[in-house]
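Visitor: Here is a sequence together with a model predicted from it:
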Amino acid sequence: MSEWMRHTLNRFAQPVTSADPELLQVFNAQAAARGYTLSAGQQRVIQAMAERLVDRHKGKVRGLYIHGAVGRGKSWLLDGFYQALAEPGKRRLHFHDFFARLHQGMFRHRENADALAVTLDELLGDCRVLCFDEFHVHDIGDAMLLKRLFSALFERHILVVLTSNYAPAQLLPNPLYHERFLPVIELIGERMQVLELDGDTDFRSLPANHAHQRFTRGHYLYPGTCEQRERLNVPLPSPCTLHVNRRPLRALACEPGQVMFAFDDLCQQPTAVIDYLVLARDHPRWIIDGLDDLNECSLAAQQRFVNLVDVLYDQDIEVLVIGRKPLAESLDGGLADLMRTRSRLGQLQQVG
């Protein structure tokens, strides 16, 4: 991020009465460098980000909830905002990661009268601006904790800026649980500006974006013949056991810089986001072998695969997925979140 952009966002921490158009100019320049023009929706989000910083300086902390379809630039805007913000107490977290660590910490401090507060002290410290990417809710247990979490963040006067594929009212759509989640939706509406990022362009599909990501240099390979594997330097299976978060996990091969897993070992077994994060830290290239039709898998396995792709994309891991069918025939399933997975895997180079 340029010094000019840092200087611009520094100015938004000063006492001004309205958002300066220079921030929009900076993002326009960043977009132009990638070969595209900001959409009207992206411009509205940038304006809202600037206004939230202005209000924060005045002591009026109100969060920003950005939602919209996949590929509209939500994560790119959030990253640009975070990178440019001259605020020592800032954190940018993938929501999967944060929530997994929150659960672990609260279990560890379960004997404490306020395990949530102690855990937040550990995870966030003196955080004043918190950026969450890919916020969504699937589990009613998580949903009940979210009310306490958001209340605690707002009580600490933390500016929360988050992205989601879903409007607040669309979170936890299961009719068996949705009514119990309404207090969280109401709290978000009261304490955050909710803004839809719309538009017709899928910015992830633009060629200029591929040069900036390792993930998009990866491949989707089917049906995985010996000749195809040799061409892409897929190692021969040499099964081994990795120990991840004190649990054994079978790998098909593990070499310096890369790891290969069978789809079933990663997604048909009770693995978790925190496991993928640990593995992503140690292995910059992944091979996932044996993807078939997700529609034939349980919803739990589908959700693990969605979570896995989210982590690999967010951590910018080069990935090779070996399927038994073309990609378009492999990603059917009952989860709404699979639309994000289709978008992300659709950026891989397809070989078949």
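Guide: Perfect, I can see it now.

Visitor: going forward, measure contacts and count neighbours with C-alpha atoms only.
Guide: OK.

Visitor: so residue 195 is in which element?
Guide: If you go by DSSP states H and E, residue 195 is part of strand 192-196.

Visitor: Buried residues in that strand, which are they?
Guide: 192, 194-196 (16 or more other C-alpha atoms under 10 Å).

Visitor: hmm, which two among those are most spread apart?
Guide: For the buried residues of strand 192-196, the maximum inter-member distance is 12.7 Å, found between 192 and 196 (C-alpha to C-alpha).

Visitor: separation between the nearest residue to residue 286 once chain neighbours are set aside and residue 88?
Guide: Computed as C-alpha to C-alpha, 6 or more residues apart in numbering, the closest residue to residue 286 that is not its neighbour in sequence is residue 319, at 4.8 Å. Look at residue 319 and residue 88: by C-alpha to C-alpha, to the nearest Å, they are 33 Å apart.

Visitor: neighbour-wise, which of the two wins?
Guide: residue 319 (26 against 10; other C-alpha atoms under 10 Å).

Visitor: Look at the more buried one and report its pLDDT.
Guide: pLDDT for residue 319: 97.

Visitor: Quick check: phi and psi on it?
Guide: Residue 319 adopts backbone torsions of phi -130, psi 140, taken as degrees, to the nearest 10.

Visitor: Hmm, it is touching residue 285, no?
Guide: Yes - the pair residue 319 / residue 285 is scored as a contact, 5.7 Å apart, by C-alpha atoms under 8 Å.

Visitor: returning to that earlier point: export the buried residues of strand 192-196 to TSV and tack on pLDDT?
Guide: Below are these laid out as TSV (pLDDT from 0 to 100):
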residue	pLDDT
192	98
194	97
195	96
196	95
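
Visitor: Need the residues you listed in TSV (columns: distance to residue 70).
Guide: Putting the buried residues of strand 192-196 into TSV (distance: C-alpha to C-alpha, whole Å) gives the following:
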residue	distance to residue 70
192	21
194	17
195	15
196	12
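
Visitor: Name the helix or strand of the chain that has the lowest mean pLDDT.
Guide: helix 3-11 (a mean of 46; mean pLDDT, DSSP states H and E).

Visitor: Where does residue 332 sit: helix, strand or coil?
Guide: coil (DSSP: H, G, I helix; E, B strand; the rest coil).

Visitor: how close does residue 139 sit to residue 79?
Guide: In terms of C-alpha to C-alpha, residue 139 sits 27 Å off from residue 79.

Visitor: more neighbours, the two?
Guide: residue 79 (15 against 11).

Visitor: picking that back up, who are the contact partners of the residue nearest to residue 286?
Guide: Shown in contact with residue 319 (C-alpha atoms under 8 Å, 6 or more residues apart in numbering): 215, 217-219, 285-288, 312.

Visitor: Where does pLDDT dip in this protein?
Guide: 1-23, 200-212 (pLDDT under 70).

Visitor: One more pass at 80, please.
Guide: Across the chain, residues meeting the criterion (pLDDT under 80) sit at 1-26, 34-35, 70-71, 83-84, 86, 96, 138-141, 173-176, 199-213.

Visitor: which stretches of it form strands?
Guide: 63-67, 90-94, 129-133, 159-164, 192-196, 219-221, 240-244, 247-251, 253-255, 258-262, 285-291, 318-323, 349-351 (DSSP state E).

Visitor: Okay, angle between the first one and strand 129-133 too, please.
Guide: What it means is strand 63-67. 10 degrees (axes from the mean of the first three to the mean of the last three C-alpha atoms, to 10 degrees).

Visitor: for the fourth one, same thing?
Guide: Here strand 159-164 runs at 10 degrees with respect to strand 129-133, directions being taken by the same axes, to 10 degrees.

Visitor: now for strand 159-164, which elements pack on it?
Guide: Judged by 3 or more C-alpha pairs under 8 Å, 6 or more residues apart in numbering; DSSP states H and E, strand 159-164 is in contact with strand 63-67, helix 74-84, strand 129-133.

Visitor: CA atoms of the first one as PDB?
Guide: The reference is to strand 63-67. Included here for strand 63-67 are C-alpha records, laid out as PDB according to Å, rounded to 0.1, in the frame of the first residue of the first chain:
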ATOM      1  CA  GLY A  63     -19.800  -0.400  12.900                       C
ATOM      2  CA  LEU A  64     -20.100  -1.200   9.200                       C
ATOM      3  CA  TYR A  65     -21.700  -4.400   7.900                       C
ATOM      4  CA  ILE A  66     -20.900  -4.900   4.100                       C
ATOM      5  CA  HIS A  67     -22.800  -7.700   2.300                       C
END
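
Visitor: Would you mind stating the distance between residue 264 and residue 182?
Guide: 36 Å.

Visitor: try residue 216
Guide: Taking C-alpha to C-alpha, one finds residue 216 at 38 Å from residue 182.
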